[in-house]
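Visitor: sequence-free structure coming up:
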């Protein structure tokens, strides 16, 4: 299990990296943390002729807040995401997702932007990005553009990134005042990719003085492991918004999730299983996110 | 149940969790596993493997690959056939056709991963680069993808235009039809075990070292039996024609003389070998039917006879990263690498990668069993009919594979129960899958099926799972009594006691109420029990009941114990430990006999130059009894020899000499004692012929004496999430009896490790081929080994049945893995019983749980 | 693939010793320590980042050395299992594993030892349950994990509390 040879390019600066990508285009791959790419190369499932290592671009390892958005630089690892106090308070869904990503040793090396650019449909962060409709900052020698997460994922391991483009930053919206987040997933073993996963972010309207169920102001549901791309559960989201929480509402949202997905079977789970459990986990995650939001408010 | 851990200990070592002698080496990175062997000028091998399940090879084009950087040679299947002999099955059993095959395939491939060429290059990476440039033209053949395909005569045969049923046998014990006619009920069910795989953390590997000056060959290998590997490689390598071998022998008469001498020595030592083997009639029949088989065998044997010492390898097995049975075979790859190194005259390393190991490094289980139990309404078992179909894949493991396992399954099927009559029919079939090897209780299907079936019988009859077992299990008062299949259950066979104790520990009688109460609170709980006994090593004639004629070679355990010149004691064993801690346990046994500290003992193993000859190596839960026994008796003899010398030196009577903590002295006056080093000096003075570095050498063999059984009952609790199909194991209890325990921490580690593999088999692990024979589980993301989060705490309760037998040690290597799948599956069925669920196969991933419970519809599986 | 043989300069510090190496781009850090530096204590179990046997510390953090290219480790400080013991004195994690019969074949041991060492060095706050999660990236096929967990609990001071 030895990878093919390749030309190695250690980028000294971002411009350097972009220039190399521009030169080699389709023949080049970006080496970020390498935790997904290297095993694929070891199995010779991916054999890029050129590898552009962004490891030295250490100035891009910050998590910052600007204009109500939390910006995560391309060198931020999963471990840094998991440990960030800013993420814990401002993007609770990303914080909740982080411990589910692989194992500690993977999180120490793998990067947030790398995972989103790799676009594994069973991975957590692409679903988080979809759930929160993150902004993805994409650079090339041709300039910079911002792609909404809703438009970023095109198919299995394929994205809106052009061959010469690099995902340099992901921007998550900062949570509202009354918000809750929950990630539920079923995997075969601890740390495996999800068979089924649901990333839920709920925001609530300011509580009215009279008692009663809280009203959902904003809902994001990202599904993973359920198709070729991370899926935003659009119908379920719209069912939720403007309504007070209830078991019936969550059941309706779960039904909407199950109706709108077309999961694939594999050796680990059948399509029927995935559809059923998507509904179960949607209910559980909605209830968790609600409890969390209301307990904290 | 935390074990007591003791440190350096001056008294008795056996029975204490003595710290492992191996650990300081292994935990500092000083271990030497086969991949750690790095030789200057060493080349690296990789294999061109079939992407097809079943195909004719029409052409192989290697010219481009030969030009790839670093490539030294590429040997295709056709060339390999000029270098080596075919593997020839060693079992001669009525109804068995054992195919012959070469290290590499030249005309036809029979499973995904079947090797068709070996590439030798300066580095493994370069060898893999070249593999991509080898162009093989295949013409695919319809695949025989599973056992039902193999039984379908319209499917193409894998071997020599014969049926894909390679072995067909039937044994009848007693008046079966009468028993069934007289039964209140006959209850039948079909069970399957999916194909799984041992998957030790270290894959297979071999480094063939060729001394550039002397051309002597040292084979560094991860093998469970160093001598087996040595002689298989010697037998099958350096293919020569019969006339050429005879010519060599004519020139080198000494080789014939030497052979005759050693053969005579063996026959003198083991007169039973002079008796005509019970295998002879079947063997003669095999040769009559296929004369070329006889020619191939004679050619290999003559070739072996004609080889000089330098043409035979010595095998060196040092640290080994686990095996669980899969390194007990000599593989096709081993022979191919050996042949390549011999051809090139250069050292060659092959370390199997994980993908190769998953494809072809050894699979196991994969049986279908139809069983009928004739019972009385009170649960009394009157008889069983069992029909086994074992899918051994394409190439039988060598020297022993599925055909041998089928015979142990037959013998072990009654387990520790009264089975008055039994019909056993068996088929071993060939399919386009990887090789079936031994895996931690290769006969384990008997326990799974029998213990599952008892639960089903109990449900049918409206009695409890405990009741049906208690009614049929052999009690201590009935012992000794033979199993219906032959082997004697001796007076220490305490399975009944383990069952009774487990029932009490589990508070089994109150379980139904507890289960109902939990269900009322929305918790779905289950409790399963399973009981077994295993031959560890079994009675002395155990092998004879399985494979008549195999006992004489298989049943003997040799050891040497040497007082070395420096006063240290060397225990030299044919065992090849690979995680079992023999350096510690055999030292404990010897230390107690000799009265010396463990630190004064070195256990030497794995080197065919110094270890006594035996083919068995380490496996089959035999080491504790066999090696523990022979070391006990050999150490005792050494002590006698030491005492002889000490008595002379100290001018005391033999009876007054004691050895305590290494101090040899007259009883009562330890201050005036001498050391073993002093004894060694005197011994060497007396024996001028002692080998360099040695003072006194003792060699013994042990036939296992009374032998005996290990037995256990497992109780497993589960909680099932009926929304997601996930199964949690809140509690797991083992009650077991393996006789006197040498090292409790090591025993508990063996049991827990086995149970972890059993849990893996039920909840996580499946080797998958699709209906076209395509392999689907080539990575550790597909084949799922349980992690620390998936294995529960396991409580172990030990029983030791008192006995006057010396060295009353029995093995525990396999039992955990044998019983756990039954206990866990029984627990899951118990949890889902109120939904009418019956479980036939111990592979229960979340999808399957929800399908069984009727929560989701059953999908036509994409793969099986 | 004409670049297969081109070599790249890398400066790494391994177990306190600085090395200036010229390595092939496709060489993994595991191959580097094992083959270039002869530190064979680090084991390769799967070469695709699942089993954890090859775990080493890169700048103090656990990493799978089969998933790190040597060229990526330029400038990094690497610790392997060989760095743990000080002459004849075992590191606390090694001693805890000896005391608890942590391992059997021990092929997986270097990965576990380095994973646990990182937990100690980083003063991880753990319970027995979260310890299982932290170790779930390391596969062992022999032990069923109980003895490894016992050793890890001992060295991390988790022996007192219940298994929650």
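Guide: Good, I have the coordinates. Computed from a predicted structure; not experimentally measured. Numbering: from 1, shown residues only, chains lettered A, B, ... in the order given.

Visitor: okay, CA-based contacts and neighbour counts for the rest of this
Guide: Will do.

Visitor: for residue 118, which residues are in contact?
Guide: Picked chain A for this. For residue A:118, the contact set (Cα atoms under 8 Å, 6 or more residues apart in numbering or on different chains) comprises A:36, A:157, A:158.

Visitor: oops, chain B please
Guide: B:45, B:46, B:47, B:48, B:74, B:75, B:76, B:336, B:337.

Visitor: and if you look at residue B:463?
Guide: Counting by Cα under 8 Å, 6+ apart, residue B:463 touches B:378, B:379.

Visitor: what's the answer for the one 4 residues further on, then?
Guide: If you count contacts by Cα under 8 Å, 6+ apart, residue B:467 has them with B:379, B:458.

Visitor: which element is it on?
Guide: helix B:465-472 (DSSP states H and E).

Visitor: those residues of the stretch 101-250 of chain A touching chain C, which are they?
Guide: Applying Cα under 8 Å from any Cα of the partner chain, one finds that the stretch 101-250 of chain A approaches chain C through A:102, A:103, A:104, A:105, A:106, A:108, A:109, A:190, A:191.

Visitor: show me the residues you listed that map onto helices.
Guide: Among those, the subset assigned to helices under DSSP state H consists of A:104, A:105, A:106, A:108, A:109.

Visitor: what's the burial count for the last one?
Guide: By that I understand residue A:109. Using other Cα atoms under 10 Å in any protein chain shown, residue A:109 is surrounded by 25 other residues.

Visitor: circling back to that earlier point, just among the contacts of residue A:118, which is most surrounded?
Guide: Most surrounded of the contacts of residue A:118: other Cα under 10 Å gives residue A:36, at 19 neighbours.

Visitor: ok, back up a step: for the contacts of residue B:118, which one is nearest chain C?
Guide: residue B:46 (15.3 Å; Cα to the nearest Cα).

Visitor: average pLDDT across whichever helix or strand comes after the helix holding residue B:467?
Guide: Where DSSP H and E defines the elements, the next helix or strand beyond helix B:465-472 is strand B:481-482. What strand B:481-482 shows for mean pLDDT is 97.

Visitor: what's strand B:481-482 in contact with?
Guide: With contacts defined as Cα under 8 Å, 6+ apart, strand B:481-482 is touched by B:488, B:489, B:490.

Visitor: mind checking which of the contacts of residue B:118 are in helices?
Guide: Using DSSP H, the contacts of residue B:118 in helices are B:336, B:337.

Visitor: most neighbours among the contacts of residue B:118, please name it.
Guide: residue B:45 (31 neighbours).

Visitor: quickly list what that residue is bridged to.
Guide: residue B:120 (DSSP bridges).

Visitor: contact residues of the stretch 451-600 of chain B facing chain C?
Guide: Going by Cα under 8 Å from any Cα, the residues of the stretch 451-600 of chain B near chain C are B:578, B:579, B:580, B:581.

Visitor: excluding chain neighbours, give the residue nearest to the first one in space.
Guide: The one in question is residue B:578. residue B:320 (4.8 Å; Cα to Cα, 6 or more residues apart in numbering or on different chains).
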